[in-house]
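Student: I'll drop the sequence and a predicted model, then ask my questions.
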Amino acid sequence: MKKTFGMCFLRSSFSLLAVIMVLALGGCGRKDTAQRVAPPVPVQVSKAVKQALPVTLKAIGTVQALRGVAVKSQVDGIIKSVNFREGDEVKAGDLLVTLDRRPFENSLQMAKADLANARAQAARAATEAERYERLDQALVVSKEQYAQLVTQAATTKAQVDAKEAAVANSQLQLGYTEIRAPIDGRTGQLNLHEGALVKANDGVFSLVTINQLSPISVAFAVPERVLDAVRVAFAKEGIAVHVAGRDDDDVQADGVLDFIDNTVDPTTGMITLKARFTNEGHALWPGRFVNVEVRLGSEADQIVVPTPAVQTGQKGRQVFVVKADKTVDLRQVVVGRTVGELTSLVSGVSEGETVVTDGQLRLVPGSRIEVRTLEEAAQPRAAVKK
């Protein structure tokens, strides 16, 4: 009996000691937890605002010269001189190339000589016809003789007209030896040089291509499902179009839509549009690819936040909202549209609420925050504290 009582007493003592140790360790844990309260997370924030958000379409476009001309000779000849340099800006009417004039001057002289001979023959025939007219009236010659001379006079007069046309054509051919710019624009690569033989309207080689750079056009395609919206906006007030270089943000230009194609491509379901730009600084260059943004109008009263505020989580799109006690709440949101750096929210955030735009990766629901400016965020934390 005494042995049993001793063993029970010993087990009770061990149990009591274990309870005391657990309570002591629990107290230490609470003390350590209190001492290790997480510091506030530095974040950047912005307010959700209600504003109009542009309705836009985006596409990839190709810059095209509004007008481009492949300059060709209209006559055969030898190039005598080239009067421009590749890449020059030229005006319509500027002399570009001169051909050897001598063959055409000779042709003109021959045509003039033929004209003089035809005029002499016509004058003689007219004189004979007038003389025979008087004789006919006096019944000295037969009617047949008189009619023959009248016909001869008319024939020689027609020959004069033909020779005059030949002279005019020779003068025109001589004028074609001076090849001039048909439009304002920038010259491209010269394909034939002094001494080369050019063929009239050569189907292979042009002398040079001139592209008009100002104004200039950008062609792009949009899906047929937006065609009705584009047509309505185009007919109502016109459509603004903004373009930017794909690899160079310095290339920026604003223009207006001025062409909607009359056919949807049945193989792609796309329709071609064109916008015109003044391009005074020649930032847009023919053949270049650009990002196109078509502005169809705007939707009023949209709840808008900076795009970086919207994150993607396991349950979808989410936003950290700052509460009055400087802690955050994680909200699930329904996103409307994104335009540049702004995103509209259909639900989840109200106007005037503050959302976190940077620093979300270190946050969990209930985290305390410390709002920092963009300048402060770029500095070490210790430097900000000072």
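Tutor: On my side now, so go ahead.
Student: got a list of what Lys163 touches?
Tutor: Residues counted as contacts of Lys163 (Cβ atoms under 8 Å, 6 or more residues apart in numbering) are 111, 114-115, 117-119. C-beta: built from backbone N, CA, C; applies to glycine.
Student: what sits against Leu284?
Tutor: Taking Cβ under 8 Å, 6+ apart as the definition of contact, the neighbours of Leu284 are 63, 213, 216, 218, 243, 251, 253, 277, 290.
Student: Closest to Val305 out of those?
Tutor: When the contacts of Leu284 are ranked by distance to Val305 (Cβ to Cβ), Val243 comes first, at 26.9 Å.
Student: which helices and strands does the helix or strand that contains that closest one pack with?
Tutor: Val243 is located in strand 240-245, with elements delineated by DSSP states H and E. When contacts are defined as 3 or more Cβ pairs under 8 Å, 6 or more residues apart in numbering; DSSP states H and E, strand 240-245 sits against strand 252-260, strand 270-277, strand 289-306.
Student: Export the ones you listed as CSV, with columns for distance to Leu57.
Tutor: Converted to CSV, the helices and strands packed on strand 240-245 look like this (distance: least, Cβ to Cβ, whole Å):
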stretch, distance to Leu57
strand 252-260, 10
strand 270-277, 9
strand 289-306, 4
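Student: And those strands: which comes nearest Leu174?
Tutor: The nearest among the helices and strands packed on strand 240-245, by Cβ to Cβ, is strand 270-277 at 39.2 Å.
Student: got the buried residues for the closest one?
Tutor: For strand 270-277, burial by neighbour count (16 or more other Cβ atoms under 10 Å) applies to 270-271, 273-277.
Student: which ones are touching Phe234?
Tutor: Counting by Cβ under 8 Å, 6+ apart, Phe234 makes contact with 257, 260.
Student: can you tell me the helix or strand for it?
Tutor: With elements delineated by DSSP H and E, Phe234 resides in helix 227-236, which encompasses its position.
Student: In CSV, please show the C-alpha coordinates belonging to that helix.
Tutor: What follows is helix 227-236 as a C-alpha-only set of coordinates in CSV (Å, rounded to 0.1, in the frame of the first residue of the first chain):
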residue,chain,number,x,y,z
LEU,A,227,-16.6,48.5,-87.5
ASP,A,228,-20.0,49.9,-86.5
ALA,A,229,-18.6,51.8,-83.6
VAL,A,230,-15.8,53.2,-85.8
ARG,A,231,-18.3,54.3,-88.5
VAL,A,232,-20.6,56.0,-85.9
ALA,A,233,-17.7,58.0,-84.3
PHE,A,234,-16.2,58.8,-87.7
ALA,A,235,-19.5,60.2,-89.0
LYS,A,236,-20.3,62.1,-85.8
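Student: how deep is Ala38 tucked in, by neighbour count?
Tutor: If you count neighbours by other Cβ atoms under 10 Å, Ala38 ends up with 9.
Student: Isn't it up against Ser367?
Tutor: Yes - applying Cβ atoms under 8 Å, one finds Ala38 in contact with Ser367, separated by 7.5 Å.
Student: Bridging across strands, which residues link to Val43?
Tutor: Judged by DSSP bridges, the bridge partners of Val43 are Val371.
Student: Need the CA coordinates for the host helix or strand of Ala59. CSV is fine.
Tutor: When elements are defined using DSSP H and E, Ala59 is found to belong to strand 49-65. Coordinates of the C-alpha atoms in strand 49-65 are reproduced here as CSV (Å, rounded to 0.1, in the frame of the first residue of the first chain):
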residue,chain,number,x,y,z
VAL,A,49,-11.4,58.4,-58.5
LYS,A,50,-14.5,58.7,-60.7
GLN,A,51,-13.7,60.1,-64.2
ALA,A,52,-14.3,59.6,-67.9
LEU,A,53,-12.1,56.9,-69.4
PRO,A,54,-11.3,57.0,-73.1
VAL,A,55,-12.7,54.2,-75.4
THR,A,56,-9.8,53.1,-77.5
LEU,A,57,-8.7,50.4,-80.0
LYS,A,58,-5.1,49.3,-80.4
ALA,A,59,-3.4,47.9,-83.5
ILE,A,60,-0.1,47.7,-85.2
GLY,A,61,0.2,50.0,-88.2
THR,A,62,2.5,50.7,-91.1
VAL,A,63,3.6,54.1,-92.1
GLN,A,64,2.9,54.9,-95.8
ALA,A,65,3.8,57.9,-97.9
